[in-house]
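Student: with the input below, show me the fold.
(one chain, ligands or ions: 1)
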Amino acid sequence: MKQIVINGGKTLSGTINISGAKNSAVAIIPAAVLCDEQTTIYNVPNISDRDALIDILHLLNCETSLNADLLKIDSSKLENKKIPLELSKKMRASYYFMGALLSRFKHVEMYFPGGCNIGKRPIDIHIKGFEALGAKVKIKGDFFTIDAEELKGTNITLDFASVGATINIMLAAVKAQGKTVIRNAAREAEIVNIATFLNNMGAKISGAGTSVIRIEGVDYLHRAMIEVIPDRIEAGTYIILGAMIGDNLKIDNIITEHIDALLSKLKEMNVKFIADDTSVTISKCDNIKATNLKTAVYPGFVTDLGQPMSVLLTQANGVSMFEETIWENRMGHVKYLNKMGANIKNGNTNSITIGPTPLSGCEVEATDLRGGAAMVLAGLIADGTTTITSIEHILRGYDSIITKLKNVGADIKIEEIKEN
Ligand code: EPU
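Tutor: From the prediction side, this is the model:
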């Protein structure tokens, strides 16, 4: 068992290069099995979710080669196998194999996916999409069997603009007969990245990035390549950090447009930064204004930055109100921020923060991926030493977080927890 140890209070300067987006890569890797030949994926982040997905590819008889951030996948000898419980549960994104294998084999056997405990996380919208395309879904406890004699294009209006359901239905529909139209589709940048990958293979998808996606089914998908877009959540996490302890901290290799909602909010809070199309340079702000913040689907303020942002709110002058609208359980980290000295009152999906309050290092836990990132930010701005346990959550989603932070001046390390 490992923990992160941080000696806080150091000023950070230099450049942090942002890696490929976790939430794009974790869909692009399963999407690769739709290809009847080989695919090449650039800018793949080095995160444990990547490795768990590659384990599933190997189970399905794909050949892979990974060289730094370059992943090659040969799915020409793909075999359909039941994805066992331990692989299904390792992460959320295992469920993209439902859409992809349904498309290739018209038969899928796997378990309900895992992932962070940030809400109930049902997959009813995915299932309704598969059924609309002609599949039959049998659920026994946590085990899913999905079968179709054939998949036929149809009109599907999603109950909610779910990122996962939009991608999964897109994967299932690319080889369906005829035309599928997904209405109320999610518009996240990651969806455009995945649609581009499929189109590079010969799929006929239009409208990705808008709320109406049109897919004309094709029979064969050929060799293709794709570059994973920069991770807007990783970028946002470090930008928020820069507003608290940066000294010309440059967050580089980003698509700035993808984080417009964050930058608008920071401006409103009096935080100063210089932004161009691919980078943001930011320094500590001494007079942060309190704000009201509500998460929303893209292009609104992204839920995944709510927890990192809650650390900045502890440093803002006055009362900040926060409302989480996507997940029911993203407040687990608040008790640890309060343990460090914050003044936050919270319900399940909202909080009131009174600031500014200095934070002091202590023992805390990473309750989930972004809650863990919030603990890292809190530890870096706090006085004294913070130790964070359950760090596997953080390593699932932040590429080389220790090295990247050390390189800009942080005193942070991972160490083995000594058993008594
Ligand atoms: N929902 C349903 N039924 C469904 C699908 C979703 O009720 O069939 C609900 C969810 O319970 C939730 C809301 O709809 O309340 C949004 O869920 P969505 O499907 O959009 O989320 P997701 O695809 O499961 C992805 C990211 C999350 C991110 C959300 C929202 C991945 C692997 N995960 O999840 O990322 O918060 O979109 O943008 O892409 C993270 O990176 O920390 C993370 C949790």
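
Student: report pLDDT for Gln38.
Tutor: On the pLDDT scale, Gln38 is placed at 98.

Student: and it, how many residues sit next to it?
Tutor: Other residues lying near Gln38 total 17 when counted by other CB atoms under 10 Å. To be clear about C-beta, it is placed using only N, CA and C from the backbone, and glycine gets the same treatment.

Student: just give the nearest non-adjacent residue to it, would you?
Tutor: Nearest residue to Gln38, sequence neighbours excluded (CB to CB, 6 or more residues apart in numbering): Asp74, at 4.6 Å.

Student: quick check: which element contains Asp51?
Tutor: Applying DSSP states H and E as the criterion places Asp51 in helix 48-59.

Student: and if you look at Ile226?
Tutor: Going by DSSP H and E, Ile226 is in strand 224-227.

Student: do the same with Gly332
Tutor: Assigned by DSSP H and E, Gly332 falls outside every helix and strand.

Student: quick one: it and Gly371 touch, right?
Tutor: Yes. Under the criterion of CB atoms under 8 Å, Gly332 makes contact with Gly371 at 5.3 Å.

Student: between these two, who's got more neighbours?
Tutor: Higher neighbour count among Gly332 and Gly371: Gly371, with 29 against 19, using other CB under 10 Å.

Student: contacting residues around that one?
Tutor: By CB atoms under 8 Å, 6 or more residues apart in numbering, the contact list for Gly371 reads 307, 330, 332-333, 393.

Student: that one: what secondary structure?
Tutor: Three-state assignment for Gly371 (DSSP: H, G, I helix; E, B strand; the rest coil): helix.

Student: do you know the pLDDT at it?
Tutor: 98.

Student: any idea how far the nearest residue to it once chain neighbours are set aside is from the ligand?
Tutor: Spatial nearest neighbour of Gly371, excluding adjacent residues (CB to CB, 6+ apart): His333 at 3.5 Å. Applying CB to the nearest ligand atom, to the nearest Å, the value for His333 to the ligand is 12 Å.

Student: my guess is His333 contacts Met375, does it?
Tutor: Yes. With contact defined as CB under 8 Å, His333 reaches Met375; the gap is 6.4 Å.

Student: what about those two, which has more around it?
Tutor: Legend: neighbour count by other CB under 10 Å for His333 and Met375, higher for Met375 (31 against 26).

Student: residues from the stretch 101-250 of the chain in reach of the ligand?
Tutor: Residues of the stretch 101-250 of the chain lying close to the ligand (CB under 6 Å from any ligand atom) are 116, 118-126, 160, 162-165, 186, 233.

Student: take these and keep only those in helices.
Tutor: 124-126, 163-165, 233 (DSSP state H).

Student: list buried residues within those residues.
Tutor: The neighbour-count test (16 or more other CB atoms under 10 Å) marks 125-126, 163-165, 233 as buried among those.

Student: now those residues as CSV including pLDDT and distance to Phe112?
Tutor: Below are those laid out as CSV (pLDDT from 0 to 100; distance: CB to CB, whole Å):
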residue, pLDDT, distance to Phe112
Ile125, 98, 14
His126, 98, 11
Val163, 98, 17
Gly164, 97, 13
Ala165, 98, 15
Ile233, 98, 24
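
Student: show me what contacts Gly99?
Tutor: Going by CB under 8 Å, 6+ apart, Gly99 touches 30, 126, 130, 167-172.

Student: so for it, what's the pLDDT?
Tutor: What the model reports as pLDDT for Gly99 is 98.

Student: wait, a strand at it?
Tutor: No. Going by three-state DSSP, the assignment for Gly99 is helix, not a strand.

Student: once you drop chain neighbours, what's closest to it?
Tutor: Nearest non-adjacent residue to Gly99, counting by CB to CB, 6+ apart: Leu171, 3.3 Å away.

Student: in the stretch 301-420 of the chain, where is pLDDT below threshold?
Tutor: 420 (pLDDT under 70).

Student: if you set the cut-off to 80 instead, what comes out?
Tutor: Scanning the stretch 301-420 of the chain with the threshold set as pLDDT under 80 gives 419-420.

Student: show me what contacts whichever residue of the chain sits closest to the ligand?
Tutor: With CB to the nearest ligand atom, the shortest gap between the chain and the ligand falls at Gly164, namely 2.8 Å. Neighbour list for Gly164: 92, 95-96, 123, 126 [criterion: CB under 8 Å, 6+ apart].

Student: same question, Asp260
Tutor: By CB under 8 Å, 6+ apart, Asp260 lies in contact with Pro299.
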